[in-house]
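Participant: 3D, please:
(one chain, ligands or ions: 2)
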Amino acid sequence: MFKSLLVPIDGSEDSHIALNVACQLAAPVQGKLYLLNVRDPYPQLHDAELLSVEAAIKAASVETANREGRAILDAALDTLPSFPGYNGEFDLLVKQGSPARVIVSEAERLGVDAIVMGSRGVGQFKGLMIGSVSHKVTHVAKCRVICVHETPHQHATRATHEFVDVD
Ligand SMILES: Nc1ncnc2c1ncn2[C@@H]1O[C@H](COP(=O)(O)OP(=O)(O)O)[C@@H](O)[C@H]1O
Ligand SMILES: [Mg+2]
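Facilitator: Ligands and ions are numbered 1, 2, ... in the order given. Just a heads-up that it's a prediction; the model follows:
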């Protein structure tokens, strides 16, 4: 039974699918969903690209960060179809810091039953099947972690090609 779930959302399609799945998991007990967007002040550095000073300063402004984070969470909610069986509560959270660390610590602070997140996010390196944030959270979180992605068939086809490329 999933009475409370943490759904980390970065605006990616996978994270929207994760929200959809979380609603279905929470529906039987009308569990509570915590939607979390983490504003990373140094995303370009983490993506091993050149750090734009202007972008870093802008992202570091708490007010701007909260507004942008909130817009990402609202947009995710807009993607939800209406679930006949789910009328539970949504709590929207925007935090600053390193995404994986914040996701794990928020899951502990909130005492959620599980984290439901995307396999991939908005990052540009699509060669791997799982992103660095989902990889870290899966290994470090003390609660269950459910990683979801686009339709299983599409993902399986893509993965087969990736393995062929790697070999
Ligand atoms: N800044 C963030 N805030 C909230 N959730 C995030 C954030 N970054 C990633 N996630 C979660 O982690 C999932 C996987 O993203 P990630 O590991 O960053 O892959 P990628 O490298 O493709 O961006 C996303 O679908 C989302 O659920
Ligand atoms: Mg990412």
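
Participant: what parts of this protein come near ligand 1?
Facilitator: Within the chain, the positions near ligand 1 by C-beta under 6 Å from any ligand atom are 8-10, 12, 14-15, 18, 36-38, 40, 99, 117-118, 120-123, 131-134. Where C-beta positions appear, they are placed from N, C-alpha and C, glycine not excepted.

Participant: so where's the protein uncertain?
Facilitator: In the predicted model, the chain carries pLDDT under 70 at residues 42-60, 82-84, 126-128, 151-167.

Participant: quick one: the strands in it?
Facilitator: With DSSP state E, the ranges of strands along the chain come out as 4-8, 32-39, 90-96, 114-118, 144-148.

Participant: run through who's touching the longest one.
Facilitator: Defining contact as C-beta atoms under 8 Å, 6 or more residues apart in numbering, one finds that strand 32-39 is touched by 3-11, 19, 22-23, 26, 59, 65-66, 68-70, 72-73, 76-77, 88-99, 102-103, 106, 110, 112.

Participant: now do it against strand 114-118, angle only.
Facilitator: With axes from the mean of the first three to the mean of the last three C-alpha atoms, to 10 degrees as the basis, strand 32-39 and strand 114-118 are set at 50 degrees to each other.

Participant: could you pull out the helices for this structure?
Facilitator: For the chain, the helices defined by DSSP state H cover 13-26, 43-46, 53-60, 62-78, 99-110, 132-140, 152-166.

Participant: just the CA trace of the longest one, in CSV.
Facilitator: By that I understand helix 62-78. Output for helix 62-78, consisting of C-alpha atoms alone and laid out as CSV, is shown next (Å, rounded to 0.1, in the frame of the first residue of the first chain):
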residue,chain,number,x,y,z
VAL,A,62,15.8,31.9,-4.7
GLU,A,63,12.8,33.8,-5.9
THR,A,64,13.5,33.0,-9.6
ALA,A,65,14.2,29.4,-8.7
ASN,A,66,11.0,29.0,-6.8
ARG,A,67,9.0,30.5,-9.6
GLU,A,68,10.6,28.3,-12.2
GLY,A,69,10.3,25.2,-10.1
ARG,A,70,6.6,25.9,-9.4
ALA,A,71,5.9,26.4,-13.1
ILE,A,72,7.5,22.9,-13.9
LEU,A,73,5.3,21.3,-11.2
ASP,A,74,2.1,23.0,-12.4
ALA,A,75,2.9,22.0,-16.0
ALA,A,76,3.3,18.4,-14.8
LEU,A,77,-0.1,18.5,-13.1
ASP,A,78,-1.6,19.9,-16.3
